[in-house]
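> Quick one, what's the 3D model for this:
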Amino acid sequence: MRLARVPFRWWIAILLLASTIINYIDRQTLSVLAPYLKVEFKWSNSDFALVIVAFRLAYAIFQLIAGRVLDAMGTKRGLSLAVLWYSIAAMASSLAIGLKSFAVCRFLLGAGEGGNWPGATKTVSEWFPKSERALAVAMFDSGSAVGGAIAPFLVIWLYSTFRTWRPAFLITGTLGLGWLAAWHALYRPPHDQEGSRVPVGRSNVSWTSLMRRPETWGIVLGKGFTDPVWFFITDWFAIYLVSRGFNLENTLLGFWVPFLAADLGNFAGGGLSSYCVKRGWPLLKARKLVIALAGAGMLMLIPTVAVARFSAIIAMFAVATFSYSAWSTIVLTFPADLYPPETVATVSGMSGAAAGLGTIVSTVIIGRIADHYSFAPIVIGASLVTTLATFLVFMLIRQRPQVIAETTPELQSPGTHYS
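Residues are numbered from 1 along each chain as shown. Coordinates of the predicted model:
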């Protein structure tokens, strides 16, 4: 059978994709229900922002911690702990009774979800050669868009079926438990496989050593400036559409389009980069081609302030999310490209923490600006920030992996393979 011929590493990638889809369904449940919760609990946009900040604060802190823990604990156990944690936290949200309890539940959810991206990036670094890494990252990262696209249909259907929001949190939270069963049944470390490409090792490299590299700062600042733009769309898009005068139930298909575009953007960015590498392009040149094209595409948020037609707004957001996902795929690939496998989760966690902190700041600003002005300054600022991020990546990430290894002895370890 053809399915039996699929290399085992791609089955691992499918598991990572599934974990990311579930991760996003759990976090998007609140965002989809936000218009209803705001009415029931009489929240302002600033109140809702506080609930989001609780999630983002934990997400920022625990991505940094999770990266280090995953490098020490290993992929299988580390991701298992993270998924179990956030699944329980997601189900606990069904018991919330107001602003404070929602904030606590979202903090716990963020703490668990912080392990997904460092763990998935580490897994890719262990299993995939350089010509396939961007595509493998695109595959698991596309789960954010798939989960974001599924969540509105699933959550609104659950809300309509049960005529209350509580079962939506409970039912979506159980999805991670099913994933855990599959993960434990199927996952094996790469060194158990014949022909494994990357030896698994552990390193005592300090955060200070990693932070001395300008490449680290390129990854960290790149994520720190661009992820808030994506989270603005995932957290606020329903509220944004309502603020522009559109009814959520009647525009559900349009709500879905930017998330579909983001999914396609993941594969477009990863596929183009991998194609260029296979054609003989230098690794960083192939990665930066995507960064440049996608950076330009994210500027399409700016014209949305000047149009009133729903289809035009959705189309422009779709171009922006397509471009963001292509851009994000490459930045997520950089840790696997530039660092030994035993430090990949740590670097990924550092960039995730920066993204979390940036999102916290932007969320507070968004809530205040939306309450007192409009969303127009927000979408304009979002595009300009991504332009700055693109510039920083080009300026700070310049060296080949081999050069980094040669100039930073503490990043070398016996048996490390820079493919």
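> Give the next helix or strand downstream of the helix or strand encompassing Arg77.
Arg77 belongs to helix 75-92 when assigned by DSSP states H and E. Note on helix 75-92: by DSSP H and E, the next helix or strand toward the C-terminus is helix 99-113.
> List the buried residues in that next one.
Under the neighbour-count criterion of 16 or more other C-beta atoms under 10 Å, helix 99-113 has 99, 102-113 buried. In short, each C-beta sits where N, CA and C put it, glycine included.
> Which of the residues you listed sits closest to Tyr59?
Distance to Tyr59, by C-beta to C-beta, is smallest for Gly110 among the buried residues of helix 99-113, at 3.8 Å.
> which non-adjacent residue is nearest that closest one?
In space, and not counting its chain neighbours, Gly110 is closest to Ala58: 3.3 Å by C-beta to C-beta, 6 or more residues apart in numbering.
> List the buried residues for stretch 43-61?
For stretch 43-61, a neighbour-count test (16+ other C-beta under 10 Å) marks 43, 45, 47-61 as buried.
> Phe225 is in contact with Ser328, correct?
No: counting by C-beta atoms under 8 Å, Ser328 stays clear of Phe225, with 11.5 Å between them.
> Of the buried residues of stretch 43-61, which belong to helices?
Under the assignment DSSP state H, the buried residues of stretch 43-61 contribute 45, 47-61 to helices.
> What is whatever helix or strand Ala138 lives in packed up against?
Assigned by DSSP H and E, Ala138 falls within helix 130-162. When contacts are defined as 3 or more C-beta pairs under 8 Å, 6 or more residues apart in numbering; DSSP states H and E, helix 130-162 sits against helix 8-41, helix 116-127, helix 166-173, helix 214-243, helix 252-278, helix 310-338.
> Tell me which of those is the most buried.
Each of those was scored by mean neighbour count; the highest is helix 116-127, a mean of 29, by mean count of other C-beta atoms under 10 Å.
> Now do that helix: which elements does it pack against?
Here helix 116-127 touches helix 8-41, helix 45-73, helix 75-92, helix 130-162, helix 310-338, helix 341-372, going by 3+ C-beta pairs under 8 Å, 6+ apart.
> Mind checking those helices for the one nearest to Gly245?
The closest of the helices and strands packed on helix 116-127 to Gly245 is helix 310-338. By C-beta to C-beta, the value is 9.2 Å.
> where in the stretch 201-350 of the chain is pLDDT low?
Counting by pLDDT under 70, the stretch 201-350 of the chain has low-confidence residues at 201-205, 248-253.
> 80 instead?
Of all residues in the stretch 201-350 of the chain, those with pLDDT under 80 make up the ranges 201-208, 234-239, 241-256, 259, 341-342.
> where are the low-confidence patches of the stretch 51-200 of the chain?
144-145, 148-149, 188-200.
> The closest residue to Ile12 other than its chain neighbours and Ala49: what is the separation?
Excluding the flanking residues, the one nearest Ile12 by C-beta to C-beta, 6+ apart is Trp127, at 5.7 Å. Distance of Trp127 to Ala49, given as C-beta to C-beta, to the nearest Å: 39 Å.
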